[in-house]
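[1] dropping the sequence and predicted coords here.
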Amino acid sequence: MTVVHTTIAAGFALLLTACASTSLDAQWADPQLTSGNPLRGARVLVVCEAQDQVLRRVCSDQVSAQVLAAGAVPVQAPDLGDGAAPSAPGGPAPYLAAAKTANAKAVLVTAVAPNSTVAKPGFTLGVGLGGFGGNVGGGVGVSMPMGGTKVETGYAANVSVTDVASGRLMWTARASEAASADVNAQVAALSKKVVAGAVKTGLF
């Protein structure tokens, strides 16, 4: 019985962890535009804004894959380049013309940016010296750092979905990830969170 109870408890713990890992920090939706899965089967222009091309490309691929899995047709927007600044972070204004040209029903903009940093000290080696029977009095401890401080960054994503025909905001949300050295994994997790949130809201 103990084994059974432990297994069940572990299962609930995993379920709670999974739910937490897919939650959004905050979101807002227009109920008039998000009911009835309006984007299921529709073309959606996928835009990613980030500080460099690597983040934009990784984000665009990850979000597109999630949109496809949600039942829509992702259309990746052309990269505007590192020097191009949109009118507002996460705003659709610079992309509405491209969306109309692509015959997209909505624009999904994901703005990825650093959100937090964590400093982690390098590996430390401790050396102790002692004696027996009073031959060596007391003890000596030596701490030798084997590496410098490492700074890891946590990223957040602000996402918006805008109706192309009316220009009205359908849904917007924010998600964040804990700081880690694996930026690709963070972007993948953020992409899954935001699209899962849109699915739960009823967009897809």
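    That came through, no problem. Numbers count the residues shown, from 1 in each chain.

[2] C-alpha from now on. contacts and neighbour counts both.
    Will do.

[3] my guess is Trp28 contacts Leu169. True?
    No. When contacts are counted by C-alpha atoms under 8 Å, Trp28 is not listed as touching Leu169 (9.7 Å).

[4] okay, those two: which has more neighbours?
    Counting neighbours by other C-alpha atoms under 10 Å for Trp28 and for Leu169 shows that Leu169 has the greater number, 19 against 13.

[5] so the more buried one sits against Asp163, correct?
    Yes. Leu169 lies in contact with Asp163 (C-alpha under 8 Å); the separation is 6.3 Å.

[6] show me the shaky parts of the protein.
    1-22, 80-91, 122-148 (pLDDT under 70).

[7] let's go with 50 and repeat that
    Applying pLDDT under 50 to the chain flags residues 1-21, 85-87, 124-133, 138-144.

[8] could you pull out the helices in it for me?
    2-21, 31-34, 53-69, 96-101, 183-201 (DSSP state H).

[9] what about Glu177, distance to Asn158?
    Noted for Glu177: a distance of 12 Å to Asn158, by C-alpha to C-alpha, to the nearest Å.

[10] ditto for Leu190
    10 Å.

[11] overlap in contacts, those two.
    Common contact partners of Leu190 and Asn158 (C-alpha atoms under 8 Å, 6 or more residues apart in numbering): Ala175.

[12] quick check on those two: which one has the bigger neighbour count.
    For Leu190 versus Asn158, neighbours defined as other C-alpha under 10 Å are more numerous around Leu190 (29 against 23).

[13] so who does the more buried one touch?
    Leu190 sits in contact with 156-157, 175-177, where contact means C-alpha under 8 Å, 6+ apart.

[14] ok, now Val67?
    73-74, 195.

[15] likewise for Lys105?
    Lys105 neighbours (C-alpha under 8 Å, 6+ apart): 39, 42-45, 99, 163-165.

[16] out of those residues, who's nearest Val58?
    Leu45 (15.8 Å; C-alpha to C-alpha).

[17] now, the contacts of Leu190 that are in strands?
    156-157, 175-176 (DSSP state E).

[18] let's have those residues in TSV, adding distance to Ser116.
    Listed next are the ones in strands among the contacts of Leu190 as TSV, based on distance: C-alpha to C-alpha, whole Å:
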residue	distance to Ser116
Ala156	9
Ala157	12
Ala175	13
Ser176	9
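
[19] now those as a markdown table including neighbour count and distance to Gln32?
    As requested, these are exported to a markdown table (neighbours: other C-alpha atoms under 10 Å; distance: C-alpha to C-alpha, whole Å):
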| residue | neighbour count | distance to Gln32 |
| --- | --- | --- |
| Ala156 | 22 | 28 |
| Ala157 | 29 | 24 |
| Ala175 | 23 | 23 |
| Ser176 | 25 | 27 |
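
[20] out of the residues you listed, who's nearest Ala106?
    Scanning these for proximity to Ala106, where the rule is C-alpha to C-alpha, the winner is Ala157, at 18.4 Å.

[21] who's that closest one bridged to?
    In this entry, Ala157 is beta-bridged to Val112, Ala175, by DSSP bridges.

[22] what's the spacing between it and Pro31?
    Taken as C-alpha to C-alpha, the span from Ala157 to Pro31 is 22 Å.
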